[in-house]
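**Q** Next one to model:
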Amino acid sequence: MNHLTVGEYWNANADTWTQLVRAGHDVFRDRLNTPAFLASLPPVAGLSGLDIGCGEGHNTRLVAKRGAKMTAIDISEVFIRHTRAEEARAPLGITYQQASAVELPFGEASFDFATAFMSLMDIPETGPVLKEAFRVLRPGGWLQFSILHPCFNPPHRRCLRDDEGHTHALEIGDYFLEPEARLDEWIFGDAPVAVRSRLPKFKVPRFHRPLNHWLNLIVAAGFRLEYCGEPCPSDEAVRDYPVLHDAKVAAYFLHLRVRKPG
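**A** Now for the predicted structure:
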């Protein structure tokens, strides 16, 4: 499986995904992952930024609202159609373009920074993606990205729950398996049953890579590691959204910021 095949899966997911996330059903994104990502983001006002794998554009818009001049790409034609419709409805000066992260259609040193919200883990050619990001960044520019935490989301993962249904530990396995694609099928559990029952499940290709693999790819691309984050929900967030409790037991997400020497 290559990035083009992955793009076909995401094109098929895009309409349902956009409908559900814009209705507020991606609780992990909205109440944990994105807020933590933005809290650690350096100042971007007045800078030119590239969002790699923008999906329906929610996170791109949040970065643009911080004063960045944003360009965003996604391999899915359907996602780009949704992003452009939202930009037309509420303009933020964002340029959206259908393109693959493996072959960025920009010249060298085109951007001050880049972001990638939960997209790099779904691309089989991660090494070329990081090299492409390095290429289009100006000297001193940085890339900040989030992925599923590879230590706690390997091919085998099972929550161990107490009698009240609360997770108290994780059962982890197959951490060192080769990164062959696996196809996850799921839909947001926060969506009402009546909604979920009439919509197709997402089919999401995943390519597990151990933590050392990610770090070595970063070094090979020429980046220097600058920041590492593992978001943990607050007690208040778990009280309001009990589904987040699992993320207090072990990190769901890993955030990394890497910088191009300059």
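
**Q** how many neighbours does residue 170 have?
**A** Neighbour count for residue 170, taken as other C-beta atoms under 10 Å: 15. Glycine gets a C-beta too; all of them are placed from N, C-alpha and C.

**Q** for the one 10 residues further on, same thing?
**A** Summarising burial for residue 180: neighbours were counted as other C-beta under 10 Å, giving 11.

**Q** most distant residue from the middle of this protein?
**A** Taking C-alpha atoms, centre = their mean, the residue of the chain most remote from its mean C-alpha position is residue 163, at 33.2 Å.

**Q** all helices for the protein, in order.
**A** In the chain, the segments counted as helices under DSSP state H are 3-22, 27-28, 34-39, 58-64, 77-89, 126-136, 193-196, 211-221, 235-240, 246-249.

**Q** Columns distance to residue 155 on top of those helices, output as a markdown table?
**A** Shown next, in a markdown table, are the helices of the chain (distance: least, C-beta to C-beta, whole Å):
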| stretch | distance to residue 155 |
| --- | --- |
| helix 3-22 | 17 |
| helix 27-28 | 20 |
| helix 34-39 | 25 |
| helix 58-64 | 27 |
| helix 77-89 | 27 |
| helix 126-136 | 17 |
| helix 193-196 | 25 |
| helix 211-221 | 14 |
| helix 235-240 | 27 |
| helix 246-249 | 18 |
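
**Q** so which of those helices gets nearest residue 143?
**A** When the helices of the chain are compared by C-beta to C-beta, helix 126-136 sits nearest residue 143, at 4.9 Å.

**Q** angle of that closest one against helix 211-221?
**A** Orientation check (axes from the mean of the first three to the mean of the last three C-alpha atoms, to 10 degrees): helix 126-136 against helix 211-221 gives 40 degrees.

**Q** Could you list the residues in contact with helix 126-136?
**A** Contacts to helix 126-136, defined as C-beta atoms under 8 Å, 6 or more residues apart in numbering, come from residues 50, 52, 101-104, 106-111, 114, 116, 120, 123, 143, 207, 209, 214, 217-218, 220-223, 260.

**Q** now it: how far from the chain's centre is it?
**A** 16 Å (C-alpha atoms, centre = their mean, to the nearest Å).

**Q** Format the helices of the chain as CSV; extra columns: mean neighbour count.
**A** Shown next, in CSV, are the helices of the chain (neighbours: other C-beta atoms under 10 Å):
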stretch, mean neighbour count
helix 3-22, 18
helix 27-28, 20
helix 34-39, 17
helix 58-64, 22
helix 77-89, 17
helix 126-136, 21
helix 193-196, 12
helix 211-221, 15
helix 235-240, 13
helix 246-249, 18
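
**Q** Name the spans of the stretch 51-200 of the chain whose pLDDT lies under the cut-off.
**A** Where the stretch 51-200 of the chain drops to pLDDT under 70, the residues are 179.

**Q** Next, the distance between the ends of stretch 81-95.
**A** Stretch 81-95 stretches 12 Å from its first residue to its last (C-alpha to C-alpha, to the nearest Å).

**Q** scratch that, stretch 97-111 is what I was asking about
**A** 15 Å.

**Q** Please point out which parts of it sit buried.
**A** For stretch 97-111, a neighbour-count test (16 or more other C-beta atoms under 10 Å) marks 97-102, 104, 110-111 as buried.

**Q** what residues does that stretch touch?
**A** If you take C-beta under 8 Å, 6+ apart as the criterion, stretch 97-111 is touched by 3-4, 7, 48-50, 52-53, 71-77, 80, 116, 119-120, 123, 125, 128-129, 132-133, 135-139, 141.

**Q** Could you say which one of the helices of the chain comes nearest to residue 151?
**A** helix 211-221 (5.8 Å).

**Q** For that closest one, C-alpha coordinates in PDB please.
**A** Extracted in PDB, the C-alpha atoms of helix 211-221 (Å, rounded to 0.1, in the frame of the first residue of the first chain):
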ATOM      1  CA  LEU A 211       9.300   5.100  18.800                       C
ATOM      2  CA  ASN A 212      12.900   4.600  17.800                       C
ATOM      3  CA  HIS A 213      11.800   4.400  14.100                       C
ATOM      4  CA  TRP A 214      10.200   7.900  14.400                       C
ATOM      5  CA  LEU A 215      13.200   9.400  16.100                       C
ATOM      6  CA  ASN A 216      15.700   8.000  13.600                       C
ATOM      7  CA  LEU A 217      13.600   9.300  10.700                       C
ATOM      8  CA  ILE A 218      13.600  12.700  12.200                       C
ATOM      9  CA  VAL A 219      17.400  12.600  12.500                       C
ATOM     10  CA  ALA A 220      17.800  11.200   9.000                       C
ATOM     11  CA  ALA A 221      15.800  14.000   7.600                       C
END
